[in-house]
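J.: Coordinates for the following, if possible.
(2 chains)
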Amino acid sequence: GAGVSQSPSNKVTEKGKDVELRCDPISGHTALYWYRQSLGQGLEFLIYFQGNSAPDKSGLPSDRFSAERTGGSVSTLTIQRTQQEDSAVYLCASSLEVSGANVLTFGAGSRLTVL
Amino acid sequence: SQKIEQNSEALNIQEGKTATLTCNYTNYSPAYLQWYRQDPGRGPVFLLLIRENEKEKRKERLKVTFDTTLKQSLFHITASQPADSATYLCALDSISLIFGSGTRLLVRP
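T.: All right, here's what the predicted structure looks like:
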C-alpha cells in the first residue's frame, strides 16, 4: 500500500481481556517496528522485525506482550490479560535499509484504552 | 545506562526567529542520527538524517549538526512559522531505532 496501515484505530477493552493490533507495512519494506506512546510521552521501543525474525525483543514490557510477523509483511501485536497501564497509542513503522540507514515511515497508530 | 535526552520543556518562540532544539545522548555510538516531527494524533514523520562522519546537514529551512565528541545533535529551524509548531524527536540507531522523548516547539504569530 501507499503507507503503513494500522487497525483498529481505536480500541476500548475491559481489564483482563486480550487484544490484537495489526500493522500492514509498506510493500517491500523489510524492517518493521512497534513502539508505544503514552499520553504526552515519547516513543517506547517494543520490538523490531527484520523479515519474519525479531532480532530485538528487548522492549516488550512483560510476557503478556507478544508479536509476530508472517510472510515478511503483516504483523500483529498481542496483549494478553490487558491492564490499565497498557493504555497508550501503539505505533507501527516500516523501513527499507538504504546505505546502512533505516528511515521509518509510521502508521497513524492504534489507540488502546483499558477500562 | 544508555540515555537520549531532549528538553522536556516546550520551546516558545516568535515567528521569524530561529528555533534550536537539542538532543544529547550517553553510552551510544550511533552510526547516524535522525530527526522526526510529530503532530498531535499522528505518527512521527521523518525530516533529516545525519551520519557520524557528517558535521552538518541542511534541507530548506532545516539544519542539523552532529558532534560525536560532545555526543550532541542540534536541530535548527530558521525563519520559523506557526506551522512549524509540533513535537520534534531525535532518534539513534542501536540494534533498532531508539527515540528521545521529544521537545514541543510553539511558534507564536
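J.: low-scoring stretches of chain A, by residue?
T.: In the predicted model, chain A carries pLDDT under 70 at residues A:1.
J.: Tell me the residues of it that contact chain B?
T.: Residues of chain A lying close to chain B (CB under 8 Å from any CB of the partner chain) are A:4, A:33, A:35, A:41-43, A:45, A:48, A:55-56, A:58, A:91, A:93, A:100-109. Heads up, the C-betas are built off the backbone N, CA and C, glycines and all.
J.: Make a ChimeraX selection of the buried ones in the residues you listed.
T.: A single ChimeraX command selects the buried members of those (16 or more other CB atoms under 10 Å in any protein chain shown):
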select /A:4,33,35,42,43,45,48,56,91,93,101,102,103,104,105,106,107,108,109
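J.: Report the strands that pair with the helix or strand hosting A:R111, each with its relative direction.
T.: Element membership for A:R111 (DSSP states H and E) is strand A:110-114. Applying DSSP bridges, strand A:110-114 is found paired with strand A:10-13 (parallel), strand A:88-98 (antiparallel).
J.: Keeping just the C-alphas, turn it into CSV.
T.: Output of strand A:110-114 as CSV, limited to C-alpha atoms (Å, rounded to 0.1, in the frame of the first residue of the first chain):
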residue,chain,number,x,y,z
SER,A,110,-3.8,2.2,17.4
ARG,A,111,-5.2,3.9,20.5
LEU,A,112,-5.8,1.4,23.2
THR,A,113,-7.9,2.2,26.2
VAL,A,114,-8.2,-0.4,29.0
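J.: Low-confidence regions, chain B specifically.
T.: Of all residues in chain B, none has pLDDT under 70.
J.: Kind regards, and thank you for your time.
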